[in-house]
Structure formats: C-alpha cells, structure tokens
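Visitor: Attaching a predicted model along with its sequence, questions to come.
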Amino acid sequence: MTAATYQYVDLPDASVVTTRALLTARENITDTVAARAMMCIHGSAGFGKTLAVNTCLRALEPGEDVRKITFRARPTARAVRYELFTALDLAGEPPRHPSEFDRLLKTALAERPRTFLVDEAQWLNGEAFEYFRYLWDEPSTQLAIIFVGGAGCHTVLRREPMLSSRVFIWQQFTRLTPDEVLEVIPLFHPVWADADPEDIAFADSHAAHGNFRAWAQLTAHTRTALARTGRARVDQELLRWAFSRLA
C-alpha cells in the first residue's frame, strides 16, 4: 500500500515519532477497520495526517487488504468509478455504462474485506462522497473507508447528512503544542537529539510553529548547515541561516 517511509522530503535518519495524535489514530483506525466502518481524519496541511494514517494502515498489512486512492481535483462519480477500478487491479476494460460498472465494483468489493484510504479527501464533492456511501451501504460489500483531508474535508462531509451520519469516528489533527515539540522533536532526527531545549523552542517559535512538515523542512536545512560548517551541534546562529531558506 505504501512505502516504508513517508517523509515530506528525503530526510536520512528521520524517524516516525509516536505522537499522541498518531496513537489516537492507531486506535481509531483499528476500531474502524474492525467494524467495517467509515472515519474521517482532518486538519490543516503539514500536521502529519497522511504519515500517521499510512504508518497505522501499513501495520495492518498483509492481513488487511488496503488500497490507497488520491484525488487532485474535484472528481465526478464517473471519475471515482475509474479510480476504484484501477485501485482494485480489475482485469479487462472498464464498463461503459454506470449500472454495469456499479455491478462490477460491488462484485469485486464483496469478494473479501478491504480498506480504502481516500487521501486528499478535501477535493471530493458531494457527488463523489455519495458514491462512496453508495458502495459502503451495499450489504454484500465488506468495506472500511478512511477519509483523510484538509479542513475542507470535514466541512464538505458535514454538508452531506446521509454520509456524515454514517461516519464512525472523527479525528482532527492539530499543531504540536510547545511541550509536545520538546518531547518528540529530539526523537524525530539525530540533529535534535542533543540540542539545547531552548534552541528547539527557538526554532519552533520562529519557524516550525508545531507543524511537522515545517519541522521536516527545517531539519533538512539544519542538517545541511551542520555539514557545511562542520559544527557538532545546533545553535541559534545556524538556525537563523536555516530560517532564511524558509522565508
């Protein structure tokens, strides 16, 4: 379903850190899959949603058949059908008629339990969400669905009462608190392992702001600065140089 690492940038030696949000996601996803239900994980960009979900779902493989679907534009129900056809690795040509296509997908989804990870779900409109509900409601399908998206995902889902009433669990990802930053960032990458907590707090307040994606960017630049200067530890002068690349 996914690669072994899911970092925003190629960051050697980075680790997936077990944050409170990731632990909660692990419990929520496990319960959703066991119930063959639907859940929604939402939050602003860079808060670690996709990384956490990929990590949790990968831990369920190979016992669970997980298929990932990502949308980059507002798809119609027809586009959703074609994405599902591809994700399920179905043989032959896609059917031309919607009713025939629906029967094919329902038959495939009835064969065994499956979990769909629908990433970038903020791009889905009401029609696309409704099609997922239509397949999930079919008694013969054995389907769990994890919707993951930005804040707009939650908003759009809430506008669809037929679907939102069926969502089993809602989870919002938020920024790391200052205390969480001091707890998890030294575990995230070796450049922070022996850094002064004041310097980590300085980096967070001036650049990363509790955003894991921003921390990944900052770490990559800090790692470069350490290599070029030959310094053994992070300091505020070095951090200011890294900040200049993020402005």
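Guide: Now that the structure is in, tell me what you want to look at.
Visitor: got a pLDDT number for the nearest residue to Arg20 once chain neighbours are set aside?
Guide: What sits nearest to Arg20 in space, not counting adjacent residues and going by Cβ to Cβ, 6 or more residues apart in numbering, is Glu180, at 7.0 Å. For the C-beta atoms, the positions are set from N, CA and C on the backbone; glycine is no exception. On pLDDT, Glu180 comes in at 96.
Visitor: Going by neighbour count, list what's buried in the helix or strand encompassing Glu180.
Guide: Using DSSP states H and E, Glu180 maps to helix 178-188. Buried positions in helix 178-188, judged by neighbour count with 16 or more other Cβ atoms under 10 Å: Glu180, Val181, Leu182, Val184, Ile185, Pro186, Phe188.
Visitor: Just the CA atoms of it, as CSV, please.
Guide: Provided in CSV are the C-alpha atoms of helix 178-188 (Å, rounded to 0.1, in the frame of the first residue of the first chain):
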residue,chain,number,x,y,z
PRO,A,178,5.3,23.6,22.8
ASP,A,179,5.5,20.7,25.3
GLU,A,180,5.0,18.1,22.6
VAL,A,181,7.7,19.7,20.5
LEU,A,182,10.2,19.4,23.2
GLU,A,183,9.2,15.8,23.8
VAL,A,184,9.1,14.5,20.2
ILE,A,185,11.4,16.6,18.1
PRO,A,186,14.6,15.1,19.7
LEU,A,187,13.3,11.7,18.7
PHE,A,188,12.4,12.8,15.2
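Visitor: Could you give the separation of that helix from the chain centroid?
Guide: 20 Å (Cα atoms, centre = their mean, to the nearest Å).
Visitor: neighbouring contacts of it?
Guide: Outside helix 178-188, the residues that touch it by Cβ atoms under 8 Å, 6 or more residues apart in numbering are 14-15, 17, 19-20, 176, 192-195, 197, 200-201, 204-205, 208, 210, 215, 219.
Visitor: Restricted to buried residues, select these in PyMOL.
Guide: Buried members of those, defined by 16+ other Cβ under 10 Å, are picked up in PyMOL with:
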select buried, resi 14+17+19+176+192+195+200+204+208+210+215+219
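Visitor: Of the contacts of helix 178-188, which belong to strands?
Guide: Using DSSP state E, no member of the contacts of helix 178-188 sits in strands.
Visitor: Mind checking the pLDDT average for the longest helix anywhere in the chain?
Guide: Longest helix in the chain by number of residues, with DSSP state H as the criterion: helix 212-229. The average pLDDT for helix 212-229 rounds to 94.
Visitor: So which residues make contact with that helix?
Guide: Against helix 212-229 from outside (Cβ under 8 Å, 6+ apart): 7-9, 11, 14, 45-48, 51, 176, 185, 188-189, 191-192, 203-204, 207-208, 231-232, 234, 238-239, 241-243, 245-246.
Visitor: Just the buried residues of that helix, please?
Guide: 212-223, 225-226.
Visitor: Which of the three states applies to the residue nearest to the spatial centre of the chain?
Guide: Closest residue to the average C-alpha location of the chain: Thr50 at 1.3 Å, with Cα atoms, centre = their mean. Under DSSP: H, G, I helix; E, B strand; the rest coil, Thr50 falls in the helix class.
Visitor: That one against Ile146, yeah?
Guide: No - Thr50 is beyond contact range of Ile146, at 10.6 Å (criterion: Cβ atoms under 8 Å).
Visitor: mind listing the strands for the chain?
Guide: Using DSSP E, strands in the chain cover 38-42, 66-70, 114-119, 143-149, 167-172.
Visitor: quick one: which of these is nearest Glu83?
Guide: Checking these against Glu83 by Cβ to Cβ gives strand 66-70 as the closest, at 5.3 Å.
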